[in-house]
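Colleague: Would you be able to build a 3D model of this:
(one chain, ligands or ions: 1)
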Amino acid sequence: TTVIPTYTASRKRQQHLQAFYHDVVKGLTAPNKYLDAKYFYDAAGDVLFQQIMQCPEYYLTGCEMEIFTRQAAQIAHTLQQRAGNFDVVELGAGDATKSIHLLRQLLSNGVDYTYFPIDISANVINQLQINLPAALPQLRIQGLNGEYFQMLQQAAEHTSRKKVLLFMGSNIGNFTTEAARGFCQQLHQYMQPGDLLMIGFDLKKHPQVILDAYNDAAGITRAFNLNLLHRINHELNADFDVQQFMHYPTYDPGTGTCSSYLISLTTQQVHIGEDVCIDFAANEALHMEISQKYTLEEITALARQTGFTPVTHFADHKKWFVDVLWER
Ligand code: AVJ
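Modeller: Got it, this is the predicted structure:
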């Protein structure tokens, strides 16, 4: 019986490496080079993102934390009123330091639920399964490590209860507005009528505030972006000279799109494994991530376009961030 978990783990690792290699080569051979932001989160990336969330410039976490600490009772009340008996599924759970306030409130209200945190990082899920039961001994938790929709399928196989889905932290911001529509439509397909969806959106605000959030003075966001190059070096046997790339975030207040690039500081070649060689021109841009910002009107339109009914929303006192509640 010790053979099976080992085999499963190594097969999972193989599958990850294959997909990672495929996506990296695809992005770096495209006319406009890009990498997929979901690959930021290896063990080092998880730590760097934790540090970003502590940065004074990165207001998103503080705003959403305020919502979940000050309004946990109202949120729990609304969920119970709307859904009655339900399980909680969190997409991209991270360290759950915000959702824990809702989980605690639901427990103290006597709601009998299982919490299914889903995360692409195995590291994150392992930590959660240790840390959450320590903080909330009554909590039933079933961590799911993998891609969102595959894991949603697994959560559905565990339970036939009504679901409350959480997709917090402005993770939806990593999608273009078009991809966000596709994502919400897909969620709609995985959900049952009466299921609830709570999504955290970062709102449009003063452009300098947004740009600073992705260009912190301590250089953590820079390190976070460069870490993906390190990851490619380690895992795919590549030879990025990370010193030769500059962190370059932008924010377009017209579209609400914040984009992070790495700029090649020189003409250079990067090898990936034995077979692939990528040419970078001097000043060539490598697109790393988008962090889309929304207005409340745009969020409501997104709900309606994707088949959801907006129920209510919870904002911080500065109105910089909202967690919206939609019904399927
Ligand atoms: C985890 C996608 C919400 O876009 O704000 C933070 C990731 N990147 N700083 C964001 C991130 C650079 C973050 N999300």
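Colleague: which is the next helix or strand following the longest helix along the chain?
Modeller: The longest helix of the chain (DSSP state H) is helix 3-28. Next helix or strand after helix 3-28 toward the C-terminus (DSSP states H and E): helix 43-54.
Colleague: Need the mean per-residue confidence for the helix or strand following that following helix.
Modeller: On the C-terminal side of helix 43-54, the nearest following helix or strand under DSSP H and E is helix 59-70. For helix 59-70, mean pLDDT is 98.
Colleague: now stretch 150-159
Modeller: 89.
Colleague: ok, and what's touching it?
Modeller: Defining contact as C-beta atoms under 8 Å, 6 or more residues apart in numbering, one finds that stretch 150-159 is touched by 87, 89, 91, 114, 116, 118, 142, 144-146, 163, 187, 190. Quick note: C-beta positions are derived from backbone N, CA and C, even for glycine.
Colleague: Contact residues of the stretch 51-200 of the chain facing the ligand?
Modeller: Neighbours of the ligand within the stretch 51-200 of the chain, by C-beta under 6 Å from any ligand atom: 52, 60, 169-171, 173-174.
Colleague: Nearest residue to Val311 in space, please, no chain neighbours.
Modeller: Leaving out its chain neighbours, the residue that sits closest to Val311 by C-beta to C-beta, 6 or more residues apart in numbering is Leu325, at 4.4 Å.
Colleague: Neighbour-wise, which one of the contacts of stretch 150-159 leads?
Modeller: Val89 (29 neighbours; other C-beta atoms under 10 Å).
Colleague: picking that back up, the residue nearest to Val311 and Met198 touch, don't they?
Modeller: Yes. Between Leu325 and Met198 there is a contact at 5.2 Å, judged by C-beta atoms under 8 Å.
Colleague: Which neighbours do these two have in common?
Modeller: Ile75.
Colleague: Asp202 versus Gly182, what's the distance?
Modeller: According to C-beta to C-beta, to the nearest Å, Gly182 stands 19 Å off from Asp202.
Colleague: I misspoke; the intended subject was Cys63.
Modeller: Cys63 sits at a distance of 8 Å from Asp202 (criterion: C-beta to C-beta).
Colleague: Which one's more surrounded, the two?
Modeller: Shown here are Cys63 and Asp202; by other C-beta under 10 Å, Asp202 has more neighbours (24 against 21).
Colleague: pretty sure the more buried one is touching Tyr294, no?
Modeller: Yes. Asp202 is in contact with Tyr294 according to C-beta under 8 Å; the separation is 7.2 Å.
Colleague: show me where pLDDT drops low in this structure?
Modeller: Low-confidence segments of the chain, defined by pLDDT under 70: 1-9.
Colleague: Of all residues in it, which one is nearest the centre?
Modeller: Nearest residue to the geometric centre of the chain (C-alpha atoms, centre = their mean): Asn171, 3.8 Å.
Colleague: Nearest spatial neighbour of that residue, chain-adjacent residues omitted?
Modeller: Using C-beta to C-beta, 6+ apart and skipping the chain neighbours, the partner closest in space to Asn171 is Gly92 (4.6 Å).
Colleague: give the contact list for that neighbour.
Modeller: Contacts of Gly92 (C-beta under 8 Å, 6+ apart): 118-120, 148, 167-169, 171.
Colleague: doesn't Pro133 make contact with Ile103?
Modeller: Let me fix one detail, which is that residue 103 is Leu and not Ile. No. Assessed by C-beta under 8 Å, Leu103 is found out of contact with Pro133, at 11.1 Å.
Colleague: shared neighbours of the two, which are they?
Modeller: In contact with both Leu103 and Pro133: Leu139, using C-beta under 8 Å, 6+ apart.
Colleague: Settle it for me: which of those two has more neighbours?
Modeller: Neighbours per residue (other C-beta under 10 Å) separate Leu103 from Pro133, with Leu103 holding more: 26 against 13.
Colleague: For burial, what's the neighbour tally of the nearest residue to Ala73 once chain neighbours are set aside?
Modeller: The shortest distance from Ala73 to any non-neighbouring residue, by C-beta to C-beta, 6+ apart, is to Gln105 (6.1 Å). When counting by other C-beta under 10 Å, one arrives at 20 neighbours for Gln105.
Colleague: Good, wrapping up.
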